[in-house]
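Undergrad: any chance you can model this:
(one chain, ligands or ions: 1)
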Amino acid sequence: MIIDAKGTDTLQLALPVWAPGSYMIREFSRNLDRFEARDAESGLQLMWKKCRKNAWAVSTRGANRVQIRYRVYANEYSVRTSYIDQNQAALLGSSVFLWVEGQQAREHILRISLPDRWKQAATSLSPIEGEAEGLSFRATHYDELVDCPLQLGNFPEFTFEAAGIPHQVVMPGAGKFTRSKVEQDMKAIVEACTEIFDHQPNKNYLFVIQHAAKGGGGLEHANSTTLQTRADVYNQPERYVDFLGLVAHEYFHLWNVKRLRPEVLGPFDYNREVYTHHLWFSEGITSYYDNLILRRTGLMSTEKYQKTLLDGFNAVLGNRGDAEQSLAESSYDAWIKFYLRNENSGNTTVFYYRKGSMMGFVLDAALWHHSGGQYGLDSVMKWMYSRYAIQEQRGFTDNEIKDAFRLHLGHEADSIWDRYIFGREPIDFKRYARYAGLVLKDTQDYARKAYFGAAGSRNADGWLVTSLWEGSAAWKMGVQTGDILTQCADKEPDSDWIRDYKPGDAFKVEGKRDGEKMVFKGTLESPTFPRFMWTRDPNATSLEKTVYERLFQEAF
Ligand SMILES: [Zn+2]
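TA: Presented below is the predicted three-dimensional model:
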């Protein structure tokens, strides 16, 4: 890199320790070596030293321009890191580009030189007209430079128009797919998302769809996204719907989180963790919409859509950690808990994607009910977007998001905030289903089965306990994570080893801990997980029927 150094004795350069959108300290500088600094005109070497784990200080010795060279090890193929092999380079700016202290707001120019065999360079940065074909780009500032991932190599690509702008899709490693089908489905998603905010802030958009046997997920950027899926996803209807959900999720983020955002989420502090109570909103509400968008576009049936909601209710009310941690805490501590999960996480933490998504249902139902069928969550999203992202061009505070909901929902917003977002009360899903004329019931299907309370997997020695549900039968018997269970009632343990038992049955299991023989005895219990279903109330009021129609896009 070449840096303007006029009038500076020392240049300080640094590499982010995290990638915006993924709330974990990744220490990208551990992959950087062969750092070297020269006077760009004379070629003389300049002295430098490390001044933080992720920063370098260079003495300019009066140079007008300084040239920095360094090497980055890139061997992690994910949307949150960078990867290079003989066929492609998939680069995430925050893991490879240094910033120059004090010069972040200046224009940055990127020139790429490709190996001979590689013909394509995809990025949402603006190309510089008149320079080497498609290989020179301009970013208005450092934030934009690192918010535009680069995909280099040779890969299938196509472009479609939707919501008034071109959308480029590049698909490294894709298996067989029917372009017209993928294009039609993505176009429907783009238009349904744009309709909610009634505003398309981009002039162009890039989808990078990486294909890998393992891995997955996506990372949002202001005018692009990187998604990862399996090469054969296009021929597997169930998985394909999940993939479309990911497309909807990341596209929705171009508004929610990239522009409508908590105040610490841009401009970013790349040196350290940034804390917000509202990832349940940025991620959870986005997760609520990813399925809802599929429902609205007809890409997901009402039946499947309702099943995903019921599964969500079951999972939220069945998760022990929901009693220990609030949604707001889960968001704040994402850096040390959600992103650094261990075998005890299910007992102590909330999954803010899942519970936040269910809060989307709660808020949407409550808004349609409160407004007498006049407006739902879409209106609040649009209101907040126009106020904070467009008019004021800043992030919202803790009070402002609550006020936005209070304005549209009245005092029920306070109760939802106190009980379910900052509090740890179990969500009263029955009440919110009732708003849509649905009678929600726990069928207690699970309660009749015996429950041990340890999860694990088979290995050569027996059944390795990988996690334990606090307060369960296994917990009370003294089983620990890492124990190897070898025998119960003369049988070798397997995943369904207690199928012949009932709650209340005496139970004995043998095992090993650190090579020592262990015997565990106790009583099996019934699980506390709910299993919800709902039915339409034949006496539903006309408002309840309207709320149902608004939530599910079909007649009651
Ligand atoms: Zn997300």
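
Undergrad: can we go C-alpha only for contacts and neighbour counts from here?
TA: Will do.

Undergrad: so where's the stretch 451-556 of the chain shaky on pLDDT?
TA: 495 (pLDDT under 70).

Undergrad: mind listing the strands for it?
TA: Using DSSP state E, counting those that start in this stretch, the strands of the stretch 451-556 of the chain run over 454-459, 462-468, 484-488, 506-513, 516-523, 532-536.

Undergrad: same check, this time on the stretch 151-300 of the chain
TA: 157-162, 165-170, 205-211, 217-220, 224-229.

Undergrad: mind giving me TSV with those and columns for mean neighbour count, mean pLDDT and distance to residue 39?
TA: Formatted as TSV, the strands of the stretch 151-300 of the chain follow (neighbours: other C-alpha atoms under 10 Å; pLDDT from 0 to 100; distance: least, C-alpha to C-alpha, whole Å):
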stretch	mean neighbour count	mean pLDDT	distance to residue 39
strand 157-162	14	98	41
strand 165-170	19	98	39
strand 205-211	24	98	37
strand 217-220	22	97	37
strand 224-229	25	98	36
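
Undergrad: which one, of these, ends up nearest to residue 338?
TA: Closest to residue 338 of the strands of the stretch 151-300 of the chain is strand 217-220 (C-alpha to C-alpha; 15.2 Å).

Undergrad: show me how far the closest one is from its chain's centre.
TA: 6 Å (C-alpha atoms, centre = their mean, to the nearest Å).

Undergrad: average pLDDT for stretch 107-122?
TA: Mean per-residue pLDDT for stretch 107-122: 96.

Undergrad: buried ones in it, by neighbour count?
TA: 108-109, 118, 120-122 (16 or more other C-alpha atoms under 10 Å).

Undergrad: can you check stretch 380-390 too?
TA: 380-382, 384-389.

Undergrad: list just the nearest of those to residue 435.
TA: When the buried residues of stretch 380-390 are compared against residue 435 (criterion: C-alpha to C-alpha), the nearest one is residue 380, at 18.4 Å.

Undergrad: quick one: which of the buried residues of stretch 380-390 sit in helices?
TA: 380-382, 384 (DSSP state H).

Undergrad: closest one to residue 226 out of those residues, please.
TA: For those, the nearest to residue 226 is residue 381 (23.9 Å; C-alpha to C-alpha).

Undergrad: for the closest one, which non-adjacent residue is spatially closest?
TA: residue 197 (7.2 Å; C-alpha to C-alpha, 6 or more residues apart in numbering).

Undergrad: wait, the one you found sits on residue 380?
TA: No. With contacts counted by C-alpha atoms under 8 Å, residue 197 stays clear of residue 380, the gap being 9.8 Å.

Undergrad: residue 57: neighbouring residues, count only.
TA: 19 (other C-alpha atoms under 10 Å).

Undergrad: packing partners of whichever helix or strand it is part of?
TA: Assessed by DSSP states H and E, residue 57 sits inside strand 55-59. In this structure, strand 55-59 makes packing contacts with strand 10-14, strand 48-52, judged by 3 or more C-alpha pairs under 8 Å, 6 or more residues apart in numbering; DSSP states H and E.

Undergrad: looking at those, which is nearest to residue 279?
TA: Using C-alpha to C-alpha, these put strand 10-14 closest to residue 279, at 26.7 Å.

Undergrad: I'd like the average pLDDT over that closest one.
TA: 98.

Undergrad: partners of it, with directions?
TA: In the sheet, strand 10-14 lines up against strand 55-59 (antiparallel), strand 99-100 (antiparallel) (DSSP bridges).
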